[in-house]
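Asks: Give me a 3D structure for the following:
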Amino acid sequence: MRGIMNNMKRGFTLIEMLIAISIFTVIAVAFIGILSVVTQVQVQSSSAAVVNQESQFLLQKLQYYIRTASIIDMPTSTSPSTLTFDVASSSLDPSFITLASGTVYLQQSNGGALQPLTSNKVFVSNLSFTRNANPPGHDAVSV
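Replies: Next up, the predicted model:
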């Protein structure tokens, strides 16, 4: 009985404490590393989804405006960063789609307000338009 009491009072030695702390530290560092990688992958994935969604929306808008345009007013075989077109409503002529400060804008009529077609979540670094003449049909525009 006396031997059991001596063992109960003894507690942990310094070496046992150091080993336990070392094991805990290694496990904690491994979990933090895994959490960091998972968070980074999640951020990259959500960023890619936002860019994909924004680009799909922008392409649909561009397609709509090009299809409904009565005239695409730009020289053929050049690549300007502004698309000028006329629409059925002459009060909105000419209309422009342009890139400024990383945002794509629509401006209807000279002096009309710029309407952003992209959000502030995405920065567009380059945008160019090329008109492909298709007489007597509707011209095509490469973006």
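
Asks: Quick one: list the elements packing against the helix or strand where residue 45 lies.
Replies: For residue 45, the element it lies in under DSSP states H and E is helix 14-68. Applying 3 or more CB pairs under 8 Å, 6 or more residues apart in numbering; DSSP states H and E, one finds that helix 14-68 contacts strand 82-86, strand 95-100, strand 103-108. Just so you know, the C-beta spots here come from the backbone N, C-alpha and C atoms, and that holds for glycine as well.

Asks: got the ones you listed as JSON lines, with distance to residue 130, mean pLDDT and mean neighbour count columns?
Replies: Formatted as JSON lines, the helices and strands packed on helix 14-68 follow (distance: least, CB to CB, whole Å; pLDDT from 0 to 100; neighbours: other CB atoms under 10 Å):
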{"stretch": "strand 82-86", "distance to residue 130": "10", "mean pLDDT": "80", "mean neighbour count": "20"}
{"stretch": "strand 95-100", "distance to residue 130": "13", "mean pLDDT": "84", "mean neighbour count": "19"}
{"stretch": "strand 103-108", "distance to residue 130": "16", "mean pLDDT": "86", "mean neighbour count": "18"}
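
Asks: Kindly present those strands as TSV, with separate columns for distance to residue 69.
Replies: Output for the helices and strands packed on helix 14-68, formatted as TSV (distance: least, CB to CB, whole Å):
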stretch	distance to residue 69
strand 82-86	4
strand 95-100	8
strand 103-108	12
